[in-house]
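Student: Pasting the sequence and the predicted coordinates here, then a few questions.
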Amino acid sequence: MGISVNGVDIDDQQIEQELPHHAAAANPLKQSVHELILRTLLLQEAASLGIEGADDEERIEALLAREVRVPPADDAACALHYRNHPQRYTHGEMVEARHILFQVTPTVPLEMLRETAEGILAALREDPERFDELARTYSNCPSGAVGGSLGQLGRGQCVPEFEKLLFRLRPGELPERPLETRFGLHIVQVVRRIEGRLLPFEAVRREIADYLTTAAWQRGLHQYLQILVGRADIAGISLDGADSPLVQ
């Protein structure tokens with residue numbers, strides 16, 4: 001592919017060997033090339049700093065340990081995070097919910113589907129007792145056969161946008177509009193809420209400190225990669241410093 005990093009070529013054979021490691025990526029070829037560029041940059045930097053190791057991975061680890069340093073999260077930062085994200089440290093919180101799914105298909109235009117969903121939502125506002133009936137009639141989810149019932153759901157069991165709405169709605173409340181997810185359009189209703197228990201700060205302080213320290217290290221790594229990419233001479237592929245996909 002004619003790619004080089006500071007004058008060092010990355011050939012097709014290297015890319016072919018890297019490809020199997022990224023088979024699950026959205027673009028395996030692109031991911032493989034970026035990984036090779038990143039690894040080459042890190043090994044070049046390790047060599048320039050005289051960092052040694054038994055193999056490439058050990059040299060890279062030693063480089064990052066030296067160059068990317070962050071202080072551990074202190075108690076004040078941990079306490080602030082705890083206050084701002086109580087849902088993360090609440091155990092046992094659940095909702096009993098039901099929904100009506102209007103599944104997107106190639107044969108049904110999204111606008112037509114949206115009009116149908118909004119019409120059903122309007123009908124439910126007029127008469128909420130019809131939820132069971134309308135779910136059985138219109139829902140494209142297997143749960144439609146039982147009136148749209150999804151049973152009891154905890155956090156982490158649904159796609160993020162669905163979970164966010166579920167845990168925001170009050171029992172019996174209907175959403176302002178149908179929710180769009182990759183599965184289609186949903187009319188969601190919480191039947192019952194089971195309140196969880198917020199764990200004491202001391203019980204989760206170490207977990208929070210580890211989380212914040214790891215997040216800070218990842219930000220530091222991101223900045224470090226920005227510097228390496230920004231000052232490197234990379235040919236054969238478009239990587240523009242901080243805007244490069246490599247460091248996103």
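Tutor: Ah, there it is.
Student: Any stretches of the chain with poor pLDDT?
Tutor: Applying pLDDT under 70 to the chain picks out residues 1, 239-248.
Student: Could I get the full set of helices for this structure?
Tutor: 12-18, 28-48, 56-67, 75-84, 110-126, 131-138, 160-166, 201-231 (DSSP state H).
Student: Kindly reformat these as a markdown table containing distance to E195 and mean neighbour count.
Tutor: From N, CA and C alone the C-beta is placed, and that goes for glycine too. Listed next are the helices of the chain as a markdown table, based on distance: least, C-beta to C-beta, whole Å; neighbours: other C-beta atoms under 10 Å:
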| stretch | distance to E195 | mean neighbour count |
| --- | --- | --- |
| helix 12-18 | 49 | 13 |
| helix 28-48 | 43 | 18 |
| helix 56-67 | 43 | 15 |
| helix 75-84 | 18 | 14 |
| helix 110-126 | 26 | 14 |
| helix 131-138 | 23 | 17 |
| helix 160-166 | 14 | 16 |
| helix 201-231 | 18 | 15 |
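Student: For R197, give me its contacts.
Tutor: By C-beta atoms under 8 Å, 6 or more residues apart in numbering, the contact list for R197 reads 90-92.
Student: Which residues does it form beta bridges with?
Tutor: H91 (DSSP bridges).
Student: related to what we said a few turns ago, out of the contacts of R197, who's the most crowded?
Tutor: T90 (15 neighbours; other C-beta atoms under 10 Å).
Student: In space, what's closest to that residue - neighbours in sequence excluded?
Tutor: G196 (4.1 Å; C-beta to C-beta, 6 or more residues apart in numbering).
Student: Which residues are in contact with the one you found?
Tutor: Applying C-beta under 8 Å, 6+ apart, we find G196 in contact with 90-94.
Student: What of H22?
Tutor: So H22 contacts 28, 31-32, 35 (C-beta under 8 Å, 6+ apart).
Student: could you dump the residues you listed to a markdown table with distance to L64?
Tutor: Below are the contacts of H22 laid out as a markdown table (distance: C-beta to C-beta, whole Å):
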| residue | distance to L64 |
| --- | --- |
| P28 | 25 |
| Q31 | 20 |
| S32 | 21 |
| E35 | 15 |
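Student: Tell me which two in the residues you listed are the farthest apart.
Tutor: Across these, no pair lies farther apart than P28 and E35, at 10.3 Å, counting by C-beta to C-beta.
Student: How about Q157: what's its closest non-neighbour residue?
Tutor: Counting by C-beta to C-beta, 6+ apart, E163 is the residue found nearest to Q157 once chain neighbours are left out, at 7.4 Å.
Student: so that neighbour touches G154, yeah?
Tutor: No: taking contacts as C-beta atoms under 8 Å, E163 lies outside contact range of G154: 9.3 Å.
Student: wouldn't G147 be in contact with R98 here?
Tutor: Yes: under the criterion of C-beta under 8 Å, G147 makes contact with R98 at 6.3 Å.
Student: More neighbours: these two, which one.
Tutor: Per other C-beta under 10 Å, whichever of G147 and R98 has more neighbours is R98, with 22 against 15.
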